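Peer 1: Please work out how this folds:
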Amino acid sequence: MKARRFFAFVAGAAMLFGVGCTPEDGGAEDTTSPAEITISPAETAVLLEGDTKTFSVTSNASWVATCDVEGVTISPELGKGNANVTVTVPASPVVRSIEVSFTASKPATLEGMPYTSTANATATIYQNAGGEIVEGGIASIKAAGDYDIQGAWVVAASSQSFVMTDNSGGCILTYLGNGATIPAVGTVLNVSGAVTTYGGLLQFGKDATITPTGETINVGYGTPLDLSTYAALDTYAKNLSVVYAEMKGQLVVKDSNKGYNNYNLNIEGHDGYDDYKGSISYAPTALANQLNGLNGAYIIARGYMVGISGTVYANMVTVSVEVDASHPVLQAENISNVPAEGVTNATHNITVAALDSVTATPDGTVVTFAEVNGNVLTYSVSANEGAAREGEITLSAEGVESVTIKVAQKAAPSGEVGEEKTVSIVFNTLGLANAENVDGRTFEVDENVSLVFSKGGAGTAPAYYDASNGIRMYQNGAVLDVDANGKTITSIDFVFDNNMYYLGCDTGSLSAEASTRTWTGEADAIKFTSTGTTSKTRAYIKSMTITYR
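Peer 2: Coordinates of the predicted model:
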């Protein structure tokens, strides 16, 4: 039985011993028969507090005993012939399955030709709260087929899957897909159904029957497998297992055009697109929000590795994320379209990582006050009585370059063409159903302003989707008509999702392509058209703020 390295990584760094030995008496070994070795008992168990177990080795050859679980000791580690071997298992905060591998070797001859004959045997030690041998648990799942797992519990969860373990110490992913209800970490459940291979590892799929038992468990995590270098990640990718691990690297957030972002980690030593990289699998909303604010920062992610997708993405169902304190980050986007009347103590999200304090310095004229607390900038802008203008806020901190934020303020209204009014519409507050078709539908923003979405030249009608919290205008000419009922629209602020901001207009002008864009001009009606030509260049509109007079 070949030793599985899976559980070794759960406990941390591998321990490697010698792989050969010589006869203790220095004499020649019998070459007329092949090497043989058996271990008794083949399975035993210890409590989480740890213990020492004795195994009986029966062999006709020299042998070496190894275990790659940190802290496990073997005495003796090598020998010849029959012997007793003691294995000491340290305490563990988590259940696990430990394998001790025995390799026997001796010179032999076959049809007159000399060769080295080898034989292998494995002893399994289950370490769990009851100190019990486990039959039929997750650790027994070694090939595709139908399985019934009882009394497992969830140790990590994404928005579309979860990882579970049981008293056998094994771990396995269950993938349920988009929109599924994912059990919380600590939920005890029974899972039955077909197990198939994906990403190089076995997993339950969407058709699995999941039955919570009504019980919960406090989940603990052992020492993670260290994947902080490319060499370590490369080794993992070539020896896949569902294992609790830690990845360190620079976070790269990319839109996926599927209603969610991709979160990848460039690990130290990563050199190019074809190199393995970390990937946070289907981040739940709270985690996604945290990661979106850390784009470009160096982070530490801990969770369960669940295989390789797209040939290079080493996927993790993540338990926790924190900023890597050895890589401070200070980032901020510009502030645009401050109203002419100014603002007092407005807030603006910035990215601050591994910095004790950040100093905000306003220009003192346009921007009169600025202060940073954590990842939030609070600022005030004076009233504007003339043309549109710009101000600045400078952010500075020890160990990083200063960042200058441009603050754009609108011009003062003339007062001769009517009072200026600003109204907003946020599409995820309107009670729209997921995938609801809005082709030809009129949205009344207020008593003057209305919006109509239409298919236009696009191949798919516009629709609302929960995943993007807004209306999707598909590529190749979907249309949005904005009408102010004779009033004059002077600006429209758009907020887009997933960097889907590809939009043009028939009058006025739009600011540069970004997750927030502003139309400016003077018109009582504007036609906006999707300008993209692929599924990656659409317009997903989350909200609009319209100023008119």
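Peer 1: all strands for the stretch 51-200 of the chain, in order.
Peer 2: Secondary structure of the stretch 51-200 of the chain (DSSP state E, counting those that start in this stretch): strands located at 51-59, 62-66, 73-75, 78-80, 83-89, 96-110, 113-127, 145-157, 161-165, 171-175, 187-198.
Peer 1: Strand 96-110 and the fifth one, what's the angle between them?
Peer 2: What it means is strand 83-89. 150 degrees (axes from the mean of the first three to the mean of the last three C-alpha atoms, to 10 degrees).
Peer 1: hmm, who's touching strand 83-89?
Peer 2: For strand 83-89, the external contacting residues (C-beta atoms under 8 Å, 6 or more residues apart in numbering) are 46, 50-57, 65, 67, 71-76, 79, 98, 100, 123, 125, 127. All C-beta spots, glycine's among them, are computed from the backbone N, C-alpha and C.
Peer 1: Give the buried subset of those as a PyMOL selection command.
Peer 2: Here is the PyMOL command that selects the buried residues among the contacts of strand 83-89 (16 or more other C-beta atoms under 10 Å):
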select buried, resi 46+51+53+55+57+65+67+71+72+74+79+98+100+123+125+127
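Peer 1: Could you dump the strands of the stretch 51-200 of the chain into JSON lines with mean pLDDT added?
Peer 2: Listed next are those as JSON lines, based on pLDDT from 0 to 100:
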{"stretch": "strand 51-59", "mean pLDDT": "97"}
{"stretch": "strand 62-66", "mean pLDDT": "96"}
{"stretch": "strand 73-75", "mean pLDDT": "97"}
{"stretch": "strand 78-80", "mean pLDDT": "95"}
{"stretch": "strand 83-89", "mean pLDDT": "97"}
{"stretch": "strand 96-110", "mean pLDDT": "93"}
{"stretch": "strand 113-127", "mean pLDDT": "93"}
{"stretch": "strand 145-157", "mean pLDDT": "97"}
{"stretch": "strand 161-165", "mean pLDDT": "98"}
{"stretch": "strand 171-175", "mean pLDDT": "97"}
{"stretch": "strand 187-198", "mean pLDDT": "96"}
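Peer 1: So for Ile280, which of those strands sits nearest?
Peer 2: Of all the strands of the stretch 51-200 of the chain, strand 145-157 sits nearest to Ile280, with 11.3 Å by C-beta to C-beta.
Peer 1: name the helices or strands packed onto the closest one?
Peer 2: Under the contact definition 3 or more C-beta pairs under 8 Å, 6 or more residues apart in numbering; DSSP states H and E, strand 145-157 sits against strand 161-165, strand 187-198, strand 298-309, strand 313-323.
Peer 1: ok, which stretches of the stretch 301-450 of the chain are strands?
Peer 2: 313-323, 329-331, 335-338, 343-349, 351-353, 359-362, 367-373, 376-381, 389-396, 403-409, 421-426, 436-437, 442-444, 450-454.
Peer 1: What residues of the first one count as buried?
Peer 2: When neighbours are counted by 16+ other C-beta under 10 Å, the buried residues of strand 313-323 are found to be 313-319, 321, 323.
Peer 1: tell me which of those residues is nearest to Leu291?
Peer 2: Looking across these and measuring by C-beta to C-beta, the closest to Leu291 is Val321, at 6.7 Å.
Peer 1: residue ranges with poor pLDDT in this protein?
Peer 2: Applying pLDDT under 70 to the chain picks out residues 1-29, 256-260, 272-273, 414-418.
Peer 1: How is it partitioned into domains?
Peer 2: Following automatic domain parsing, one finds the domains of the chain at 6-127, 138-216, 225-323, 329-409, 421-548.
Peer 1: From the chain's centroid, how far away is the longest one?
Peer 2: Pointing back at domain 421-548 there. 30 Å (C-alpha atoms, centre = their mean, to the nearest Å).
Peer 1: ok, now the shortest one?
Peer 2: Taking C-alpha atoms, centre = their mean, one finds domain 138-216 lying 18 Å from the centre of the chain it belongs to.
Peer 1: Compute the number of surrounding residues for Asp207.
Peer 2: As a burial measure, Asp207 scores 8 neighbours (other C-beta atoms under 10 Å).
Peer 1: so what's it closest to, chain neighbours aside?
Peer 2: Counting by C-beta to C-beta, 6 or more residues apart in numbering, Asp207 lies nearest to Gly193, which is 5.6 Å off, once chain neighbours are set aside.
Peer 1: Quick check: the gap between the one you found and Ser161.
Peer 2: According to C-beta to C-beta, to the nearest Å, Gly193 and Ser161 sit 14 Å apart.
Peer 1: Compare neighbour counts for those two and give me the winner.
Peer 2: In this view Gly193 and Ser161 are compared by other C-beta under 10 Å, and Ser161 has more residues nearby, 22 against 17.
Peer 1: Tell me the spacing between that one and Asn434.
Peer 2: Look at Ser161 and Asn434: by C-beta to C-beta, they are 20 Å apart.
Peer 1: before we move on, what about Gln150?
Peer 2: 35 Å.
Peer 1: returning to that earlier point: could you single out the most deeply buried of the strands of the stretch 301-450 of the chain?
Peer 2: Among the strands of the stretch 301-450 of the chain, ranked by average contacts under mean count of other C-beta atoms under 10 Å, first place goes to strand 351-353 (a mean of 22).
Peer 1: Identify the neighbouring strands of it in the sheet and state each direction.
Peer 2: Its sheet considered, strand 351-353 pairs with strand 329-331 (antiparallel) by DSSP bridges.
Peer 1: hang on, the earlier thing: ok, so of the buried residues of strand 313-323, who is nearest Asp481?
Peer 2: Tyr313 (41.2 Å).
Peer 1: count of neighbours near the residue nearest to that closest one when sequence neighbours are not counted?
Peer 2: Nearest non-adjacent residue to Tyr313, counting by C-beta to C-beta, 6+ apart: Ser279, 3.9 Å away. Neighbour count of Ser279, defined by other C-beta under 10 Å: 23.
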